[in-house]
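> Fold the following and give me the result.
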Amino acid sequence: MWASGLPLAKPAARFFAHSPRGRSFLSQVKAVNVEIQVVLGRSTLPMQQLLRMGRGAVIPLDTTVNEEVWILANNHPIARGEIQINEDRISIAVTREANVYDYMAGEA
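Numbers count the residues shown, from 1 in each chain. Below you'll find the predicted structure:
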């Protein structure tokens, strides 16, 4: 296959999966732990206000009730999702892939 006049490389997982070494490689990849975080929203507060906060303090976020949340893997945005509540369990349903530039723009 070609894209923009350059040959495309075979996907590594497919290439390695068919060899004896590939099975070992895939089992090593599957053993890697990834930290997943869900960002509900952001807030900027003066340090003085933050230091005065106590138990029960409310921090306003820059988001609304039905807005998508950010899903991060090892602190990198990978997807957007929706909060779902079923009885006493809270979960996140992945809705689409993340746009890194949108995530970074929200930090300003």
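> what helix or strand is residue 25 on?
helix 20-30 (DSSP states H and E).
> ok, then the element right after that helix?
Toward the C-terminus, helix 20-30 is succeeded by strand 36-39 as the next helix or strand (DSSP H and E).
> show me the contacts for residue 31.
Residue 31 makes no contacts at all, as judged by C-beta atoms under 8 Å, 6 or more residues apart in numbering. Any C-beta I mention is one placed from the backbone N, CA and C, and that applies to glycine too.
> And for residue 61?
Neighbour list for residue 61: 40, 41, 42, 43 [criterion: C-beta under 8 Å, 6+ apart].
> Specify which member of those residues is nearest to residue 81.
Set against residue 81, the nearest of the contacts of residue 61 by C-beta to C-beta is residue 40 (10.7 Å).
> Could you find the closest non-adjacent residue to the closest one?
residue 69 (5.6 Å; C-beta to C-beta, 6 or more residues apart in numbering).
> One more: residue 82?
Take residue 82 and drop its neighbours on the chain: the residue closest to it by C-beta to C-beta, 6+ apart is residue 93, 5.0 Å away.
> Buried ones in the helix or strand encompassing that neighbour, by neighbour count?
Assigning secondary structure by DSSP H and E places residue 93 in strand 89-97. When burial is assessed from 16 or more other C-beta atoms under 10 Å, strand 89-97 yields the following buried residues: residue 92.
> How about stretch 96-108?
Per 16+ other C-beta under 10 Å, stretch 96-108 contains these buried residues: 98, 103.
> Check stretch 45-64 too.
Result for stretch 45-64 [16+ other C-beta under 10 Å]: buried residues residue 63.
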